[in-house]
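Asker: How does the following fold in three dimensions:
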Amino acid sequence: MNTMASQMASTALVVRRMAFPFEGVPRHWFGGSLFRTHLVNGVNFVFPAGERFFIRSVNHYATKVSPAMRDRIRGFAGQEAMHQVEHLRFFATLESQGYEIQSFLEWYERVAYEFLEGSFPPEVRLATTAALEHYTATLGEFALRSELLDKAHSEVRDLLMWHAAEEIEHKSVAYDLLQEVDPRYRTRLKGFAVATGSLFYFWIAGVRHLMAQEPAEERAKAEVEQ
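Answerer: Just a heads-up that it's a prediction; the model follows:
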C-alpha cells in the first residue's frame, strides 16, 4: 500500500485500474468469522449500484458548473466506476462459493433506484450522495488507521483498503458540488436522512440474506460471537 499512499499525495483525482485476484479467498474470509465476513459482505452489496447512483447524481450538474469542478466530477466518477468493477468481480467469487446473491441485488436495485431515486429531486439525490460519501470516508479512515482489517484475507483487505483510500481522497467532491448548486441546510438534512435510512436498511438486509444461507449450527455460533 506504500505506492498507493504516495499517489494519494496528489490533489488530482487519479483513476486507478485494479485487478485483485480473488480466486483463493475462503468462504469465511474475515479470520474465519461468519458474522464479521457477512457484515462486510453485506455492505459490499450496496456498493456497485450505489456507485452508479453517485455518478448519476454528480453528472446531473456537470454541464452547469465551472471547468475545475467538472474535472473533479470526472475524476470522482472514474474512481467510483473502478470500485464498481472490482466489487462486481468479488460478487462472482461469492457466487462461486455457493451464495445466491442475485435475488437480493435485483430487489435492492428495484427498491432503491427504480423507486426511491425517482422519488426525490436532483438536489436531494446529490445531498444523499454527499452524506453517503461522508459515511464511506469515515469508515475508510477508521479502517486505515485501526487494526480492523488485520484478520481479513489479504486480497479482500487490499480491495477494501484501496476503496477506503479513494473514498477519503474524493470525499469532498459531492459536498463541494452541493454547496455550489444548492447550499441550503435543509437540503443537506434531507440528504442525510435518506442516506442514513437507506444505507443501514439495505446493509442489514444484505447481511440477513447471507446469514440465512448458512447452516443453523454456524448461525448459532455467530450469535455467540456477536
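Asker: who touches G206 in this structure?
Answerer: Neighbour list for G206: 41-46, 104, 108 [criterion: C-beta atoms under 8 Å, 6 or more residues apart in numbering]. For glycine as for every other residue, the C-beta is placed from the backbone atoms N, C-alpha and C.
Asker: so which of those would you say is closest to F142?
Answerer: Distance to F142, by C-beta to C-beta, is smallest for V43 among those, at 13.0 Å.
Asker: So the closest one is in contact with F200, correct?
Answerer: No - here V43 lies out of contact with F200, judged by C-beta atoms under 8 Å, at a distance of 9.7 Å.
Asker: Could you check which of those two has the larger neighbour count?
Answerer: V43 (21 against 12; other C-beta atoms under 10 Å).
Asker: In space, what's closest to the one residue sitting closest to the centre of the chain - neighbours in sequence excluded?
Answerer: Central residue of the chain (C-alpha atoms, centre = their mean): F47, 3.7 Å from the mean position. Closest residue in space to F47, ignoring its immediate chain neighbours: H87 at 4.6 Å, by C-beta to C-beta, 6 or more residues apart in numbering.
Asker: Give the burial count for R186, as a bare number.
Answerer: Count around R186 with other C-beta under 10 Å applied: 10.
Asker: May I ask which helix or strand encompasses it?
Answerer: Following DSSP states H and E, one finds R186 within helix 185-211.
Asker: Please state the offset of that helix from the chain centre?
Answerer: Computed by C-alpha atoms, centre = their mean, to the nearest Å, the chain-centroid distance of helix 185-211 equals 12 Å.
Asker: Could you check the angle the top helix by length along the chain makes with helix 185-211?
Answerer: The residue-count maximum for a helix in the chain (DSSP state H) belongs to helix 67-96. Counting by axes from the mean of the first three to the mean of the last three C-alpha atoms, to 10 degrees, helix 67-96 lies at 20 degrees to helix 185-211.
Asker: Tabulate the CA atom coordinates of the helix or strand L126 falls within in PDB.
Answerer: Using DSSP H and E, L126 falls within helix 122-145. Listed next in PDB are the C-alpha coordinates belonging to helix 122-145 (Å, rounded to 0.1, in the frame of the first residue of the first chain):
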ATOM      1  CA  PRO A 122     -31.800  16.100  -8.200                       C
ATOM      2  CA  GLU A 123     -30.600  18.300  -5.300                       C
ATOM      3  CA  VAL A 124     -31.700  15.800  -2.700                       C
ATOM      4  CA  ARG A 125     -30.100  12.900  -4.700                       C
ATOM      5  CA  LEU A 126     -26.900  14.900  -4.700                       C
ATOM      6  CA  ALA A 127     -27.200  15.700  -0.900                       C
ATOM      7  CA  THR A 128     -27.800  11.900  -0.300                       C
ATOM      8  CA  THR A 129     -24.600  11.200  -2.300                       C
ATOM      9  CA  ALA A 130     -22.700  13.800  -0.200                       C
ATOM     10  CA  ALA A 131     -23.900  12.200   3.000                       C
ATOM     11  CA  LEU A 132     -23.100   8.700   1.900                       C
ATOM     12  CA  GLU A 133     -19.600   9.800   0.800                       C
ATOM     13  CA  HIS A 134     -19.200  11.200   4.400                       C
ATOM     14  CA  TYR A 135     -20.100   7.700   5.700                       C
ATOM     15  CA  THR A 136     -17.800   5.800   3.400                       C
ATOM     16  CA  ALA A 137     -14.900   8.200   4.100                       C
ATOM     17  CA  THR A 138     -15.400   7.900   7.800                       C
ATOM     18  CA  LEU A 139     -15.500   4.100   7.600                       C
ATOM     19  CA  GLY A 140     -12.400   4.300   5.400                       C
ATOM     20  CA  GLU A 141     -10.400   6.400   7.800                       C
ATOM     21  CA  PHE A 142     -11.300   4.100  10.600                       C
ATOM     22  CA  ALA A 143     -10.300   1.000   8.600                       C
ATOM     23  CA  LEU A 144      -6.900   2.500   7.500                       C
ATOM     24  CA  ARG A 145      -6.000   3.900  11.000                       C
END
